[in-house]
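>>> Give me the fold of what follows.
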Amino acid sequence: MPRARALIIDDNPHADFLLRDYFGHLDFDLSTRRAFARSVGDAMEIIESGAEFDIALIAANPEPVSGLSLFNQLKD
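Predicted structure coming up:
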């Protein structure tokens, strides 16, 4: 069964490592099937490039645009 593809959006540089470790304990493999964006702008570039993801883990308030704002942009 293919593993889920995840987009992680967080301005904390340690979040990528911590999330891989956390989800690894839950038997999710984010070691190769993930993209990490440090800003909403970076995330939009990744999404607009045509990359597909099964799940997005979005920090509630990465600067300068919140995760909720990104959600609304994607919804439109």
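>>> after the longest helix along the chain, next one along is what?
Identified as the longest helix of the chain according to DSSP state H is helix 15-25. Per DSSP states H and E, helix 15-25 leads on to strand 34-37 as the next helix or strand towards the C-terminus.
>>> any idea of the mean pLDDT in the longest helix of the chain?
Helix 15-25 carries an average pLDDT of 77.
>>> Just the buried residues of it, please?
15-16, 19-20, 23 (16 or more other Cβ atoms under 10 Å). (Glycine included, C-beta is placed from N, CA and C.)
>>> Output the below-cut-off pLDDT ranges for the protein.
1-3, 26-33, 61-66, 75-76 (pLDDT under 70).
>>> Try it again at 50.
For the chain, the stretches with pLDDT under 50 are 1.
>>> which residues sit in contact with the one residue sitting closest to the centre of it?
Nearest residue to the geometric centre of the chain (Cα atoms, centre = their mean): I8, 1.7 Å. Neighbouring residues of I8 by Cβ atoms under 8 Å, 6 or more residues apart in numbering: 15-16, 19, 30, 34-37, 56-57.
>>> Pairing partners for the helix or strand harbouring it, with directions?
Applying DSSP H and E as the criterion places I8 in strand 6-9. Strands adjacent to strand 6-9 in the sheet, as given by DSSP bridges, are strand 34-37 (parallel), strand 55-58 (parallel).
>>> would TSV of the ones you listed with distance to G67 and mean neighbour count be doable?
Shown next, in TSV, are the strands paired with strand 6-9 (distance: least, Cβ to Cβ, whole Å; neighbours: other Cβ atoms under 10 Å):
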stretch	distance to G67	mean neighbour count
strand 34-37	11	20
strand 55-58	4	17
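>>> Take the ones you listed and write them to TSV, including distance to L70.
Formatted as TSV, the strands paired with strand 6-9 follow (distance: least, Cβ to Cβ, whole Å):
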stretch	distance to L70
strand 34-37	10
strand 55-58	6
